[in-house]
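# Dropping the sequence and predicted coords here.
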Amino acid sequence: MKTLLPLVTLLLTSSRVYCWGFYMHEKINYHAVFLLPPPMMLFFKPNIGFLTGHAVDPDKRRYILASEGARHYLDIDRYGKYPFAGLPRRYSDALEKYSADTIQAYGIVPWWIQIMLGRLTRAFREKNSAMILKYAAEIGHYIADAHVPLHVCSNHNGQMSHQEGIHAFWESRVPELFAEQDWDFFVGKAEYIPDPSKYIWDRILESAAASDTVLSLEKKLSEKFPADQKYAFEDRQGKLVKQYSRVYSQNYENSLNHMIERRMRQSILSVASFWYTAWINAGQPVLDAQPSDSLSSEDQKEFERLNLSWKNGSLKGRSCND
C-alpha cells in the first residue's frame, strides 16, 4: 500500500479539471440540435459531430491564450450583493465604472456571449457554413458555462471554504454518473430571444443565486457523511483515480433537488435559442443540408494547434480548480 500512495497522490494533483466537463459540453450541444426548427435542423443535424466535437474548443484554447479564461466566468460577488445592481449590464458602461483590468480579472462571460452572438449572426447572413459551425459550437460552450453557479462566484472551487474539488464534483462527476440513465433532455423547442443581453443576465443571476446553495449543502453533507464513504478509487484508462463515491454523489444530487439536471436542461434550451435567434436575425437564410467540409486551412491548423496545446501544454490564466 505504501508504494501505491505516491501514485494515487500524483494522479490527484495532476488531473485536469474542465468547466462543465468535456462530456457535458458535448451533450449540451448535441441535445440543443434537436430543439431547432426543420429549416435549421437540415443543416445542423448532419453536422452534429462537428458541433459536439468542437464544443470544448474554448477550454482547449485556454492552453494557448491567457485571456481566454475570463470568457468562461464572472465573479459577480466581487461587485457587491445580489442582484448586483451596481454592475452595469452594458460592457461599455462597465468599462467606464471599472478598469479594463478589473473587468478582465473578474470575468466577462455575459458580454462575450453577446460578441459571439454577433459573430454567429454574421456567419448566418453570409451563409458561411464553416463559420456557422465554429461559432455555434463555441457559443454553446460559453452559454453553458454561464449556467453553472460556480462560474458566477469567486469561491469557484471552494478554495475559500475548504471545499477544494467541488467545481469538478458539481459539473463533471455528478453528471457523468447520472445524466445518461436518470436525466431528461427533452426540453421543448428553441425560442426567439428578443433581448439577448437581458436573457443572459437573467441566467447569470440565476446561477449567482444558486452558488451559496451549491457550497452550503455540500458542506453540510460532508460534515455528517461517514468519511470512509465519501470517496472511492476507480480505474480511469488504466489509472487509479480518487473520486467522490457514487453514494456521496447521489446524496449530494438529491440534496440539491436535482439542480444540476435543471441547469443542464436550461443550458440546452438556451444554446438552441441563441442559435435560433442568430438565424432569425440574419434573415432566416436557407442552409446547405450537406455536412460541411469547407474548413479553411487556417481553421484546420487552429484546431490542430488547440489539440496539441491541450495534450502537451499547461493552462494559461485561471483554472477551474485554482
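That came through fine.

# Where do the helices of the stretch 151-300 of the chain begin and end?
With DSSP state H, counting those that start in this stretch, the ranges of helices along the stretch 151-300 of the chain come out as 166-168, 174-182, 196-224, 227-230, 246-255, 259-281, 297-312.

# ranking those by burial, who's on top?
helix 166-168 (a mean of 24; mean count of other C-beta atoms under 10 Å). In short, each C-beta sits where N, CA and C put it, glycine included.

# by contact count, what packs against that one?
Counting contacts by 3 or more C-beta pairs under 8 Å, 6 or more residues apart in numbering; DSSP states H and E, helix 166-168 packs against helix 196-224.

# What average pLDDT does the helix it packs on get?
The average pLDDT within helix 196-224 is 98.

# Return the distance of stretch 151-169 from the chain's centre.
Relative to its chain's centre, stretch 151-169 lies at 15 Å (C-alpha atoms, centre = their mean, to the nearest Å).

# buried ones in it?
151-158, 163, 165-169 (16 or more other C-beta atoms under 10 Å).

# May I have the distance across it, first residue to last?
13 Å (C-alpha to C-alpha, to the nearest Å).

# Now do that stretch: everything it contacts.
With C-beta atoms under 8 Å, 6 or more residues apart in numbering as the test, stretch 151-169 has contacts from 17, 19, 21, 72-78, 106-107, 109, 145-146, 150, 204, 207-208, 211, 214-215, 218-219, 222, 244, 249, 252, 320-322.

# can you pull the buried residues of stretch 47-66?
Result for stretch 47-66 [16+ other C-beta under 10 Å]: buried residues 47-48, 50-52, 54-64.

# quick one: which of the residues you listed is nearest Ala190?
Using C-beta to C-beta, Leu51 comes nearest to Ala190 of those, at 14.1 Å.

# Nearest to Asp101, out of the helices of the stretch 151-300 of the chain?
Between Asp101 and those, the tightest spacing by C-beta to C-beta is seen for helix 196-224, at 21.0 Å.

# Sketch out the low-pLDDT regions of the chain for me.
1-21, 290-322 (pLDDT under 70).

# Could you rerun that using 90?
The chain contains residues with pLDDT under 90 at 1-23, 63, 181, 186, 227, 234-242, 288-322.

# how close does the most centrally placed residue in the chain get to Gly107?
Compute the mean C-alpha point of the chain, and by C-alpha atoms, centre = their mean the closest residue is Asp145, 3.0 Å away. Counting by C-beta to C-beta, to the nearest Å, the separation of Asp145 from Gly107 is 10 Å.
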